[in-house]
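>>> Just need the structure, nothing else, for what follows:
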Amino acid sequence: MALSSPGKRKLGRAPSSREGALGCQKQSAVDRGAGLFLCHRRGTGVEVEGSRAPLPSARMRLMGQGFGRAERRRSLKLDEYQRMAVQTEEEEEEEKCAENITAKCKEQLKAIWGMADLRNGAVGLYNIGLSCCLNSLLQVFFMNRHFTMILRRIEVPFDAAEQKASVPYQMLLLLEEMQRSKQKSVHPTDLACCLSKHNVRLFVLYDAAQLFLILWNIIKDQITSVDLAESLTLLYTIQLQEYTVCQNCLLEMKKDSNMLMLPLPMFDSDSQPLRTLEGALHAFFALELLTEGSACRCEQCDRRTSWLRVRVCFATDVHLLNSGPEQRKTKKISHSLSFPQSLDFNQILTSEQYCPDVQEKDNGLYDLFAVVAHSGSANFGHYCAYVWSLTEGKWYCFNDSSVCQVSWDDVKCTYGRACLRWGETAYLLVYLKRNCRQL
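Predicted coordinates:
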C-alpha cells in the first residue's frame, strides 16, 4: 500500500472522516507489531502546526514499507474472511434446501404411512352404533401402508353425490381427518352414511370375516383405475389350485380359485381340537379323500365317485379365519390356538403345496400384521384389533376410541381358553409377506 509523505499536505487540518477511518484501521494493525510506526503518524501534522513536517528518515521509510506489506497481508485476510462469509451463506442455503427436501420427503412418507406412524400418533374411532367390527377392520386397512398407497391414488369423483356414495373416497377423507386430528379419536359418521347406501348399516351385529369381504368387494368395484384394482387384488388375494383325482378312473381335474382368506379348521379329522396355527394349516392343505356326502360326480365314470383332493397355495398376504361349524349351529370356539409372529410356508407345507415367487427374497416368509379379536358369545360380543406398526415396530390395540401401545404378550392373550368362553379370542389373523414388492 503506497503512503504519501506527511509534509506534502497542509498541517493543522483535522483528519477527514476517511482518514479517521484509515487511522482506525492502522491502529488495528498495532496489535500485530506496527505500533511504533502508527505512533509516528499520530505525531506528524498534529503536534507541529504552521511548519512543514520533517521528512521521514530511512528508518521510517523502511518501517513504512514494512507497514505496507503488513497492510497487504491484512487485505488478504479480509479476502479470506469474505470468502468464509460467502461459504457460510452457501452452507445456509444448502441447509435450507435440505430442510425443504426433508419436508417434501415427510409429506411423501405421510402418503404411505399408516396411522400409528404419523406425528399425531394412533387415532381411534368412536363407536357410533355397534360399529366396533367396522372400526377394527378400518384400522387394519389404514395401518397397511400398501393399502393407503392405493387409496391415495384413486380418482376423486367429480359430482358431490358420487363423492358421498364412493366408499374409497370417504375412506380417504376419514384417513386424512385422522392424520390431521389433534384429538385422540374421530367420528366415522360420513363413511358410515356412505356404507349405508351399500346395505352396510349401523346397529347390526356383523361377523368380522363377512364384513371384511363386503368392504373389500365394494372398494374394488368402485376403484375406476384398472391398475389400482389389479394392485388391490395382488395385495389381498390368495391364489389356490385344487387338484382332484377320481379314485375309480384316475381322471385328473384342476381348479383355480382366488380367496381373500383361508377358513382354517379348528379340529382335525378325528374331531380333536388343533392347538397351533401350523397344525391348522397342515390340516387345511392335507390330502383329503372326498367320499359319501362329499363325493363328486365323474363325467368319465358317469356317476358319483370318491375323489382325492390337494390344495396348492400362491399368496402375497394371508388372512386366516379361525372357524368351525358345529351341528348347523353357530357356536364360538374358545379353545387355545397359538399363532407365531412369523410363518415360514416352506417349513409348514411341502414344495408341491406351496409355490412361492422365485424372484422374491425371503420366499415363504410371512409376518403377523394384525389380529382381530372377539370377546363375548357367537351371537353377541365386541371386536377390537391388534395391529403392528410397520415403521415404528410396535403393537397397538385399537378398541374403538381407545388406543394404546401393547406388547407381544398382550397379543398372545388372544390365543383363547376353553374355560373362558367370554374372553378375548383371535378370530381373524392377517399375515403380510416379508419384503413384499408387489406394488
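>>> what ranges of the stretch 151-300 of the chain fall below the confidence cut-off?
Across the stretch 151-300 of the chain, nothing is flagged by pLDDT under 70.
>>> how about a cut-off of 90?
In the predicted model of the stretch 151-300 of the chain, residues 181-182, 201-202, 205, 237-259, 261-273, 281-300 satisfy pLDDT under 90.
>>> now the helices for it?
Applying DSSP state H, counting those that start in this stretch to the stretch 151-300 of the chain gives helices spanning 160-165, 167-180, 189-196, 208-222, 226-236, 277-285.
>>> Of these, which is nearest residue 343?
helix 277-285 (7.5 Å; CB to CB). Bear in mind the C-beta positions are built from the backbone N, C-alpha and C, glycine included.
>>> Pipe the helices of the stretch 151-300 of the chain into CSV and attach distance to residue 435 and mean neighbour count per row.
Compiled in CSV, the helices of the stretch 151-300 of the chain are given as follows (distance: least, CB to CB, whole Å; neighbours: other CB atoms under 10 Å):
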stretch, distance to residue 435, mean neighbour count
helix 160-165, 36, 12
helix 167-180, 25, 19
helix 189-196, 32, 18
helix 208-222, 24, 17
helix 226-236, 14, 16
helix 277-285, 21, 19
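>>> Figure out which of those helices is closest to residue 391.
Checking the helices of the stretch 151-300 of the chain against residue 391 by CB to CB gives helix 167-180 as the closest, at 14.0 Å.
>>> so the closest one versus helix 189-196, what angle?
Computed by axes from the mean of the first three to the mean of the last three CA atoms, to 10 degrees, the angle separating helix 167-180 from helix 189-196 equals 160 degrees.
>>> so what does helix 167-180 touch, helix or strand wise?
If contacts are counted by 3 or more CB pairs under 8 Å, 6 or more residues apart in numbering; DSSP states H and E, helix 167-180 sits against helix 132-143, helix 145-151, helix 160-165, strand 185-186, helix 189-196, helix 208-222.
>>> domains in this structure, as residue ranges please.
Structural domains assigned to the chain are 8-109, 126-237, 238-439, following automatic domain parsing.
>>> Just put the helices of the stretch 151-300 of the chain in TSV and tack on distance to residue 130.
Formatted as TSV, these follow (distance: least, CB to CB, whole Å):
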stretch	distance to residue 130
helix 160-165	22
helix 167-180	18
helix 189-196	11
helix 208-222	12
helix 226-236	25
helix 277-285	29
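>>> between those, which gets nearest to residue 427?
Closest among these, using CB to CB: helix 208-222, at 5.7 Å.
>>> Which of the three states applies to residue 435?
coil (DSSP: H, G, I helix; E, B strand; the rest coil).
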